[in-house]
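Novice: model the following, please.
(chains A and B)
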Amino acid sequence: GAVVSQHPSRVICKSGTSVKIECRSLDFQATTMFWYRQFPKQSLMLMATSNEGSKATYEQGVEKDKFLINHASLTLSTLTVTSAHPEDSSFYICSAREPVAKNIQYFGAGTRLSVL
Amino acid sequence: AQKITQTQPGMFVQEKEAVTLDCTYDTSDPSYGLFWYKQPSSGEMIFLIYQGSYDQQNATEGRYSLNFQKARKSANLVISASQLGDSAMYFCAMRAMNTGGFKTIFGAGTRLFVKA
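Specialist: Residues are numbered from 1 along each chain as shown, chains lettered A, B, ... in the order given. This is a model prediction of the structure:
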């Protein structure tokens, strides 16, 4: 299947700092990417839909100023957690929709964020 | 509103036997897609199988098959000849039109344990 690369896989940061997570589609162009958050032993919660060349669409309850999304090219979307706090600690997963084959979403390996 | 329900938080299966993971869904959109993903302990989401709402035949991918019963709104995953490496979390997902566009939502997941 298609490959989505997510970096970094793990990050530990101090409270108040900002963290950027990158999501790349390696072998296809993705006009739409998605950012999910997953708490331990829970399902994936959609945070926002990232659209190339336009503003991201955030889900209800997700702070757009807190979670900045930039989709500057057809292969790269970034999520920046600004002024991170311990409650932002979570597993963040990106996915990209392969536009041709059945609209399947392929996922990155995830980023485990720990805010001290 | 669309909804995905997985009622089995955990399942046990003996190695080499078949197992069925349940999934029911609800949507008012006549055109939708159903997916199953596997999430091992590493956290990566692995795409397994896809079923379109207009597909006449049940999808199959190797040892995975999807038992699609449209009238009952169920999309159960059948894993044949279970292997130890199948132990993981399994998520059912649906992509359908919602307020704000197409979205993919996930069920709560089923943790599968394969016994030797």
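Novice: from here on, just use CA atoms for contacts and neighbour counts.
Specialist: OK.
Novice: show me where the chain has strands.
Specialist: Just so you know, I chose chain A. Using DSSP state E, the strands found in chain A span residues A:4-7, A:10-13, A:19-25, A:32-38, A:44-51, A:57-58, A:67-73, A:76-81, A:90-97, A:105-107, A:111-115.
Novice: not quite, go with chain B.
Specialist: Using DSSP E, the strands of chain B run over B:3-5, B:10-14, B:19-21, B:24-26, B:33-39, B:46-52, B:60-61, B:64-69, B:74-79, B:88-98, B:101-106, B:110-115.
Novice: what's the local residue count around the nearest residue to B:Ala93 once chain neighbours are set aside?
Specialist: Nearest non-adjacent residue to B:Ala93, counting by CA to CA, 6 or more residues apart in numbering or on different chains: B:Phe106, 4.3 Å away. Using other CA atoms under 10 Å in any protein chain shown, B:Phe106 has 22 neighbouring residues.
Novice: quick one: contacts for B:Phe106?
Specialist: Taking CA atoms under 8 Å, 6 or more residues apart in numbering or on different chains as the criterion, B:Phe106 is in contact with A:43-45, B:4, B:91-94.
Novice: what parts of chain A come near chain B?
Specialist: When proximity is defined as CA under 8 Å from any CA of the partner chain, chain A approaches chain B at A:42-46, A:102, A:104-110.
Novice: and the furthest pair within those residues?
Specialist: A:Gln42 and A:Lys102 (26.4 Å; CA to CA).
Novice: give the contact list for the closest residue to chain A within chain B.
Specialist: Nearest residue of chain B to chain A (CA to the nearest CA) works out as B:Glu44 at 4.4 Å. Applying CA under 8 Å, 6+ apart to B:Glu44 gives the contacts A:107-110.
Novice: cutoff 6 Å now
Specialist: A:Ala109 (CA atoms under 6 Å, 6 or more residues apart in numbering or on different chains).
Novice: any idea how far it lies from A:Phe107?
Specialist: When distance is defined by CA to CA, to the nearest Å, B:Glu44 is 7 Å away from A:Phe107.
Novice: then B:Gln51?
Specialist: Where A:Phe107 is concerned, B:Gln51 sits at a distance of 18 Å (CA to CA).
Novice: do A:Ser50 as well
Specialist: In terms of CA to CA, A:Ser50 sits 14 Å off from A:Phe107.
Novice: pLDDT at A:Val100, what is it?
Specialist: pLDDT for A:Val100: 68.
Novice: between the least confident helix or strand in chain B by mean pLDDT and strand A:32-38, how big is the angle?
Specialist: The helix or strand of chain B with the poorest confidence is strand B:101-106; it has a mean of 85 (mean pLDDT, DSSP states H and E). Inter-element angle recorded for strand B:101-106 and strand A:32-38: 30 degrees (by axes from the mean of the first three to the mean of the last three CA atoms, to 10 degrees).
Novice: partners of strand B:101-106 in the sheet?
Specialist: According to DSSP bridges, strand B:101-106 forms sheet pairs with strand B:88-98 (antiparallel).
Novice: pLDDT weak spots in the chain?
Specialist: You didn't pick a chain, so chain A it is. A:1, A:100-102 (pLDDT under 70).
Novice: that's the wrong chain, I wanted chain B
Specialist: Within chain B, the segments meeting pLDDT under 70 span B:100.
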